[in-house]
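In: sequence and predicted structure are below.
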Amino acid sequence: MRRAGLVLCLTVVCALGAGAATARADDAPVAAAGVLIGPVDVSGMTLEQATAAVLRQYLSPVVLSVGGRRVSVPPRRLGIKAHVADAVAQALAAAPGTAVPLRASVDMAKVRAWVAWLGKRYARAPLPSRLLLRHLKPVLAKGRPGLAVKALPTRMLLRNALRDGTREIVVVPTRTVAPRFEPAAKGPVIVIRRGANRLSLYRGPRLVRAFPVATGQTAYPTPLGRFQIVVMWKNPTWYPPTQDAWAQGLKPVPPGPGNPLGTRWMGLSSPGVGIHGTDEPASIGYSVSHGCIRMQVPDAEWLFEHVTVGTPVFIVAQ
């Protein structure tokens, strides 16, 4: 017995290692009925059998549930240590029905690192709400909430499961991450149909007003896509674009009659492209501009008062 106890102390007192032999001699002492070591019932077990049972329990993986998905972690990875030899010795000498505690500990630095990995692995980023066009009308596609692991309570639950030897599924505490809302979805939205030479102003899904416009000619088409108004000027000065051959030799035109921009300019996030009035009202309804969207001067002035910097602008081909 002294030799067996010495071997046991050397192998399992500091760290949970390989299980001890399960052979039982006829005269070997056994634990009384109802004796527990932690959660393990060792009734009628010898020293070797009790040691093996406790090791199996404490070295079995901890299973966690994260948002309905399961993941397991082996206790060795988290640096578990327990004084198994002391607990088994107490159990063999204990009265029937005794609950013998097992002093176990874990490496909290390893627990913290593993929970951080868990949070990154199983986190789900929220899907923000998005402003889309559906049947040429703006609609708000609802976002999807995200999921984040609560790190501190998860570490405490995992630590307790490892120390206590319990192997019930640990439900990881999580929090819902609300999706970002697109503020522009309820404000004004402009939809320009390039093929129909038509501009429509919506507020949310509701049509407020529609206008005939002129769009870009074949050589200088109005770009397609989603943009936004980035600048708004009253009584703008027209400056000839330096990058286009058609404007070479032309001089700036100050505000007033004959200004190609009329009295209002609403510049888009597409460089050099904007919505503006025009000094050529007969061009409205045709594809004749150099990429911009022309409006009748009174229409441009009205629109100017009903939009803001940041207003989304959808330009489609129809």
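Out: Perfect, thanks for sending it. Residues are numbered from 1 along each chain as shown.
In: show me what the helix or strand where A148 lies is packed against.
Out: In the assignment (DSSP states H and E), A148 maps to strand 146-149. Secondary-structure packing of strand 146-149 (3 or more CB pairs under 8 Å, 6 or more residues apart in numbering; DSSP states H and E): helix 108-122, strand 174-177. In this view, the C-beta of every residue, glycine as well, is placed from N, C-alpha and C.
In: now R124. Nearest residue, chain neighbours left out?
Out: L147 (4.2 Å; CB to CB, 6 or more residues apart in numbering).
In: next one: that neighbour from P221, what distance?
Out: L147 sits 44 Å away from P221 when distances are taken as CB to CB, to the nearest Å.
In: before we move on, back to that, what number of residues lie near the residue nearest to R124?
Out: 17 (other CB atoms under 10 Å).
In: and the strands in the stretch 51-200 of the chain?
Out: Here the stretch 51-200 of the chain has its strands, by DSSP state E, counting those that start in this stretch, at 62-66, 69-73, 81-82, 99-100, 104-105, 130-134, 137-141, 146-149, 170-171, 174-177, 188-193, 198-203.
In: next, count neighbours for the nearest residue to R167 once chain neighbours are set aside.
Out: Using CB to CB, 6+ apart and skipping residues adjacent in sequence, the residue nearest R167 is S60, 5.6 Å away. By the criterion of other CB under 10 Å, S60 has 13 neighbours.
In: go on, R134?
Out: 9.
In: pLDDT score for it?
Out: We have a pLDDT of 89 for R134.
In: specify the beta-bridge partners of it.
Out: Note on R134: beta-bridge partners by DSSP bridges are K137.
In: what's the span of stretch 306-318, first residue to last?
Out: 24 Å (CA to CA, to the nearest Å).
In: what residues sit buried inside it?
Out: For stretch 306-318, the buried set under the neighbour-count rule, 16 or more other CB atoms under 10 Å, comprises V307, T311, P312, V313, F314, I315.
In: ok, the spatially closest residue to S105 that is not a sequence neighbour to S60 distance?
Out: With CB to CB, 6+ apart as the criterion, S105 has its nearest non-adjacent residue at 5.2 Å, and that residue is K81. Distance, K81 to S60, by CB to CB: 16 Å.
In: same check, this time on V253
Out: In terms of CB to CB, V253 sits 82 Å off from S60.
In: and if you look at K234?
Out: K234 is 75 Å from S60, by CB to CB.
In: domain assignment for this protein?
Out: 2-59+81-103, 187-316 (automatic domain parsing).
In: quick one: the helices in the stretch 201-318 of the chain?
Out: 297-304 (DSSP state H, counting those that start in this stretch).
In: give me the below-cutoff pLDDT ranges for the stretch 51-200 of the chain.
Out: 182-185 (pLDDT under 70).
In: what is the mean pLDDT for the lengthiest strand in the chain?
Out: The strand that spans the most residues within the chain, counting by DSSP state E, is strand 225-234. The average pLDDT for strand 225-234 rounds to 96.
In: paired strands for that strand, with orientation please.
Out: Strand 225-234 is paired, per DSSP bridges, with strand 264-268 (antiparallel), strand 312-316 (antiparallel).
In: the last one to strand 198-203, inter-axis angle?
Out: For strand 312-316 and strand 198-203, the angle between their directions (axes from the mean of the first three to the mean of the last three CA atoms, to 10 degrees) works out to 150 degrees.
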